[in-house]
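Q: generate a structure from the sequence data that follows.
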Amino acid sequence: MRKAKPKKRVILPDPKFNDQKVSKFVNHLMYDGKKNTSYEIFYAALDIVGGKMKDEEKSPLEVWKQALDNITPQVEVKSRRIGGATFQVPTEIRPDRKESVSMKNMIAFARKRGGKSMADKLASEIIDAFNNQGGAYKRKEDMHRMAEANRAFAHFRF
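A: Alright, predicted model coming up:
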């Protein structure tokens with residue numbers, strides 16, 4: 001963009017937990033502007049997580065936050081064209097992008113799961129991510145592995 005950077009939009013916290021992170025997650029989860037449906041799915045998923053992890057001393061919201069932290073990548077590879085060759089250059093991710101990537105991965109792998117309702121699929125993905133397993137966690141590990149393999153091209157960073 002040539003002109004000034006656009007202003008960051010202020011995201012209002014969600015009604016139940018009063019947390020901005022939850023609102024961002026629900027916005028990623030939303031289809032066709034149906035935010036209430038997304039909130040229902042998310043809260044139902046947290047209820048399921050709470051039911052399945054009774055022995056855990058953490059609240060379902062804390063479990064979800066820990067799961068997001070577990071699947072948040074630190075580095076990613078970006079394609080960079082240098083002298084006719086394309087290199088996969090490992091770069092660190094900005095904090096806001098880290099959050100966004102982890103949320104999108106969790107939702108994408110929850111949607112791919114075989115399951116009953118979206119709330120069930122999301123709950124099982126949250127529990128898997130909390131336990132350092134599942135599709136979203138595997139995606140993070142793959143990103144790190146790829147960055148490690150292409151570490152030789154790190155000096156091409158922009």
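Q: grab the nearest non-local neighbour of Pro90.
A: In space, and not counting its chain neighbours, Pro90 is closest to Ala147: 3.7 Å by CB to CB, 6 or more residues apart in numbering. C-beta: built from backbone N, CA, C; applies to glycine.
Q: what is the burial count for the one you found?
A: 22 (other CB atoms under 10 Å).
Q: list the contacts of it.
A: Neighbour list for Ala147: 75-77, 90 [criterion: CB atoms under 8 Å, 6 or more residues apart in numbering].
Q: buried residues in stretch 26-41?
A: Residues of stretch 26-41 classed as buried: 26, 29-30, 38-39, 41 (neighbour count, 16 or more other CB atoms under 10 Å).
Q: just these: which are in helices?
A: Applying DSSP state H to the buried residues of stretch 26-41, the entries found in helices are 26, 29, 38-39, 41.
Q: between the residues you listed, which is nearest Lys104?
A: Using CB to CB, Leu29 comes nearest to Lys104 of those, at 9.8 Å.
Q: pLDDT wise, what is that closest one at?
A: You'll see Leu29 listed with a pLDDT of 93.
Q: shouldn't Val77 be within a strand?
A: Yes - under DSSP: H, G, I helix; E, B strand; the rest coil, Val77 falls within a strand.
Q: hmm, it is touching Gln88, no?
A: Yes - in this structure, Val77 is within contact of Gln88 by CB atoms under 8 Å, at 4.2 Å.
Q: which residues are common contacts for the two?
A: What both Val77 and Gln88 touch, as defined by CB under 8 Å, 6+ apart, is the set 146, 150.
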